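Enquirer: Here is a sequence together with a model predicted from it:
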Amino acid sequence: MTAAIRFKLSTMMFLEFFIWGAWFVTLGTYLLSNLETSATQVGVAFLTQSIGAIVAPFIIGLIADRFFPAQRILAILHLAGAALLWFASTAESFDNFYPIILVYMILYMPTLALVNSVSFRQMQDPSKEFPPIRVLGTLGWIVAGLTIGWLNWEQNGNLAMTFRMAAIASAILGVFSFTLPNTPPVKAGGSTSLGDIMGLEAIGLLKNRSYLTFFLASVAICIPLAFYYNFTNPFLNELGMESAAGKQSMGQMSELLFMLLMPFFFIRLGVKKMLAIGMFAWVLRYVLFAYGNADANYWMLIGGIVLHGICYDFFFVTGQIYTDRLAGDRFKSAAQGMITLATYGVGMLMGSLLSGMIVDNYALPAGGHAWQNIWLIPAGIAGVVLLLFLLLFKDKAIANQTSGAPEVPELQKRVV
């Protein structure tokens, strides 16, 4: 891969996640403050991500993989997305805002797979070449949060500007995508079944009791995850934290650090301990939020944010590696598609609906919310998921696989 292509792919990845981070982090605060919505409506707005995640495989499987080059579809989706984000910034009510952001997320979520597809097709060794490029995406999210904090849009009530900033970045990426390396469809002229699109080829993995336990835990842990994504920014702003979006970017900084440390921990701890530590971090994060404040316990708020690296990397990244190893070469893509659909689709959808109703239930008559009661609920959910996981996840073959030993034939028989 030439330096020019590497630069283009890195720029693409930076803009891709800058766009998302530019408006998604502060969406809850914008809706509650600017459009004066209920928390339930905030949850409904956030579940557009889940709807987009469910629809995305169909767009990729039925269109991108068969008819058009990936970079052209990426360009068209981002140019359309730019217009939608700009219109979203002008919406004066939730009824006008919601259909715009719903259509936008249906168009945006497929681009997450498209940028990966464009990248992988240019690489000889993705395991070595992809991480340095993907890390630019996390950097883009961080820069978006720091920009919002630096411009004080949260304190000044100018969060509509976040959508316009994202719209400009989306337009730039849309035009820039036409210059990306040609990435022709991989199944031109072929057929794609519903099972291919939804990753149903990998359904046999669920016959493995330990993988079934992990799969269900992944769906369940996305319920407390939705609390974090949907209501952390409104919570921090309500408590009076300055530049909350900028402070939240420390979560992505933590994610970068622990991503680099993953190989060290993975070899020494193995899958079960890594997953368990990740889930325990969820419990700890929400307890810190429950008892934190902007005064003496300010450190608890920062600690809860910084734990994002352990929460995400130790559970989701470890889970992706675990899934990849069990699936084998034949079912790798299908297995990753299945777990993504289950977590960001089904799990986050349930979490978005539940979190909104709970936050509304703990709204105070004088204004604000009983946040301690609210945060202890996702802490409890994560604690129950962790306990059940520790009791039921007992696959002895995993130790051999995580240590680099040859795969166990009996495990392969049960899985495939």
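Expert: Received it, and whenever you're ready, just let me know what you need.
Enquirer: At the geometric centre of this structure, which residue do we find?
Expert: The centroid of the chain falls nearest to Tyr344 when counting by Cα atoms, centre = their mean (7.1 Å).
Enquirer: pretty sure that one is touching Gln49, no?
Expert: Yes - shown here, Tyr344 and Gln49 form a contact pair, counting by Cβ atoms under 8 Å, at 6.9 Å. From N, CA and C alone the C-beta is placed, and that goes for glycine too.
Enquirer: still on that earlier bit, so what's the residue nearest to the centre of the chain closest to, chain neighbours aside?
Expert: Nearest residue to Tyr344, sequence neighbours excluded (Cβ to Cβ, 6 or more residues apart in numbering): Ala53, at 4.1 Å.
Enquirer: Tally up the residues packed near that neighbour, please.
Expert: By other Cβ atoms under 10 Å, the residues close to Ala53 number 25.
Enquirer: tell me the mean pLDDT over whichever strand or helix holds it?
Expert: Element membership of Ala53 [criterion: DSSP states H and E] is helix 48-59. Helix 48-59 carries an average pLDDT of 82.
Enquirer: That helix - contacts with which helices or strands?
Expert: Secondary-structure packing of helix 48-59 (3 or more Cβ pairs under 8 Å, 6 or more residues apart in numbering; DSSP states H and E): helix 94-120, helix 194-198, helix 348-361.
Enquirer: what would those helices look like in a markdown table with distance to Met259?
Expert: Formatted as a markdown table, these follow (distance: least, Cβ to Cβ, whole Å):
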| stretch | distance to Met259 |
| --- | --- |
| helix 94-120 | 16 |
| helix 194-198 | 28 |
| helix 348-361 | 21 |
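Enquirer: surely Phe227 meets Ser355?
Expert: Yes - contact status for Phe227 versus Ser355: in contact at 4.6 Å, counting by Cβ under 8 Å.
Enquirer: Common neighbours of the two, please.
Expert: Common neighbours of Phe227 and Ser355, using Cβ atoms under 8 Å, 6 or more residues apart in numbering, are Pro378.
Enquirer: for stretch 309-325, what is the average pLDDT?
Expert: Stretch 309-325 shows a mean pLDDT of 81.
Enquirer: Next one: Leu376 from Leu386, what distance?
Expert: 15 Å (Cβ to Cβ, to the nearest Å).
Enquirer: Counting neighbours, go ahead and name the busier of those two.
Expert: Leu386 (21 against 16).
Enquirer: can you pull the contacts of the more buried one?
Expert: With contact taken as Cβ under 8 Å, 6+ apart, Leu386 is in contact with Ala276, Met279, Phe280, Trp282, Val283.
Enquirer: Quick one, grab the pLDDT at the second one.
Expert: pLDDT for Met279: 92.
Enquirer: what's near enough to touch it?
Expert: Contact analysis of Met279 by Cβ under 8 Å, 6+ apart lists Ala217, Ile221, Phe315, Ala382, Val385, Leu386, Phe389.
Enquirer: swap in the third one?
Expert: Residues touching Phe280, when contacts are defined by Cβ under 8 Å, 6+ apart, comprise Leu386.
Enquirer: any idea which element it lies in?
Expert: Phe280 belongs to helix 244-291, assigned by DSSP H and E.
Enquirer: Now do whatever helix or strand comes next after that helix and helix 244-291, the angle between them.
Expert: Moving toward the C-terminus from helix 244-291, the next helix or strand (DSSP H and E) is helix 298-306. On the basis of axes from the mean of the first three to the mean of the last three Cα atoms, to 10 degrees, helix 298-306 is oriented at 110 degrees to helix 244-291.
Enquirer: CA-only coordinates of helix 298-306 in CSV, if you can.
Expert: Extracted as CSV, the C-alpha positions of helix 298-306 are listed here (Å, rounded to 0.1, in the frame of the first residue of the first chain):
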residue,chain,number,x,y,z
TYR,A,298,-15.8,15.0,40.7
TRP,A,299,-13.1,12.4,40.4
MET,A,300,-15.9,9.8,40.2
LEU,A,301,-17.4,11.3,37.1
ILE,A,302,-14.0,11.4,35.4
GLY,A,303,-13.3,7.8,36.5
GLY,A,304,-16.6,6.7,35.1
ILE,A,305,-15.7,8.3,31.7
VAL,A,306,-12.2,6.9,31.6
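Enquirer: pLDDT of that helix, averaged?
Expert: Computed over helix 298-306, the average pLDDT equals 94.
Enquirer: Now tell me what touches that helix from outside.
Expert: By Cβ under 8 Å, 6+ apart, the surrounding residues in contact with helix 298-306 are 232, 236, 239, 241, 247-248, 250-251, 254, 284-286, 288-289, 291-294.
Enquirer: Restrict those to the buried ones and give me that as a PyMOL selection.
Expert: Buried members of these, defined by 16 or more other Cβ atoms under 10 Å, are picked up in PyMOL with:
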select buried, resi 232+236+239+241+247+248+250+251+254+284+285+286+288+289+292
